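Novice: Sequence first, predicted coordinates after that:
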Amino acid sequence: MNLEMVMQELEALGKERTKKMYISNGAQEPLFGVATGAMKPIAKKIKISQRLAEELYATGNYDAMYFAGIIADPKAMTEPDYNRWMDAAYFYMLSDFVVSVTLSESDIAQEVADKWIVSGEELRMSAGWSCYCWLLGNRLDVEFSASKISNMLDIVKNTIHDSPERTKSAMNNFLYTVGISYLPLHEKAVETAKAIGTVEVKRDKKKSSFLNAYESIQKFDKGKLGFKRKYVRC
């Protein structure tokens, strides 16, 4: 399939209701409003195509950009490629659910995510923390430095309340993910989450959301601690 064929199929799958929902969350025109599950049949036809993924991402169409993440070849992308994708990721559904997800399946994931976390840019920071959520929830515990993750928990504890709004949300998810998926620091994650308490995330034209990682960890089935996803991408 080429770019034109994929765009035609995506447009045919668009729903006005879904489009409105995406826009309410920050998506901008152009977009069709395609449910992510509806993209799977097209993805099965294409499987992996980095060339086509790049063409789709470059359209600026939200649905095409999302689909690009599904068919991209993470290990074929370099750090400049990921930074270029981040430059075009104008809201969190792209930064945290397309770029960071794709990055998490690469060999340079931690290296790039570490730089994004300290970038001072809201969506890059959010994508960096989100990438670690995808990593910790999928890869074996031995692939991570316990001291590094411990230091990251300390950073969350000391800075989350003063961080940019989307970064707060990603940091809270990181705290929760360490608590349920990274057994070496489960107890520290619980203690850190308890010390942090409730985190307010302010949203444009919407009511604030209130996040509490401690309560979320407590609700998780203790018999499933250490939970790992089999797949990260759709």
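Specialist: Arrived safely. Everything numeric in this text was worked out from a predicted model, so none of it was measured.
Novice: and E200, what helix or strand is that in?
Specialist: Per DSSP states H and E, E200 falls inside strand 199-203.
Novice: And for Y176, nearest residue in space, chain neighbours not counted?
Specialist: Nearest non-adjacent residue to Y176, counting by C-beta to C-beta, 6 or more residues apart in numbering: A213, 4.5 Å away. (Each C-beta comes from the backbone N, C-alpha and C, glycine too.)
Novice: Which residues are in contact with that neighbour?
Specialist: N172, L175, Y176, G179, A189, A193, I196, V199 (C-beta atoms under 8 Å, 6 or more residues apart in numbering).
Novice: looking just at contacts, which helices and strands does the strand holding E200 meet?
Specialist: helix 165-181, strand 206-211 (3 or more C-beta pairs under 8 Å, 6 or more residues apart in numbering; DSSP states H and E).
Novice: The first one vs strand 199-203, what angle?
Specialist: Read that as helix 165-181. Inter-element angle recorded for helix 165-181 and strand 199-203: 140 degrees (by axes from the mean of the first three to the mean of the last three C-alpha atoms, to 10 degrees).
Novice: pLDDT (mean, whole number) over helix 165-181?
Specialist: Average pLDDT, helix 165-181: 97.
Novice: helix or strand right after that helix?
Specialist: helix 186-196.
Novice: Compute the inter-axis angle for that following helix and strand 199-203.
Specialist: 70 degrees.
Novice: Counting by contacts, list what helix 186-196 packs against.
Specialist: Using 3+ C-beta pairs under 8 Å, 6+ apart, helix 186-196 sits against helix 146-159, helix 165-181, helix 213-219.
Novice: closest to K45 out of the ones you listed?
Specialist: Checking the helices and strands packed on helix 186-196 against K45 by C-beta to C-beta gives helix 165-181 as the closest, at 32.2 Å.
Novice: Could you check the pLDDT of M125?
Specialist: M125 is assigned 98 on the pLDDT scale.
Novice: ok, it touching S163?
Specialist: Yes - counting by C-beta atoms under 8 Å, M125 does reach S163; the two are 7.2 Å apart.
Novice: With adjacent residues omitted, what lies nearest to the residue minimising distance to the centre of the chain?
Specialist: Closest to where the C-alpha atoms of the chain average out (C-alpha atoms, centre = their mean) is D96, at 2.8 Å. Spatial nearest neighbour of D96, excluding adjacent residues (C-beta to C-beta, 6+ apart): S130 at 4.1 Å.
Novice: Could you report the pLDDT at the one you found?
Specialist: 98.
Novice: Show me the shaky parts of the protein.
Specialist: Residues of the chain meeting the criterion pLDDT under 70: 234.
Novice: let's go with 90 and repeat that
Specialist: By pLDDT under 90, the weakly predicted segments of the chain are 203-206, 229-234.
Novice: mind listing what's buried in stretch 11-24?
Specialist: Buried residues in stretch 11-24, counted by 16 or more other C-beta atoms under 10 Å: L13, T18, K19, Y22.
Novice: which ones are touching the third one?
Specialist: When contacts are counted by C-beta under 8 Å, 6+ apart, K19 is found next to A27, L31, F32, G33.
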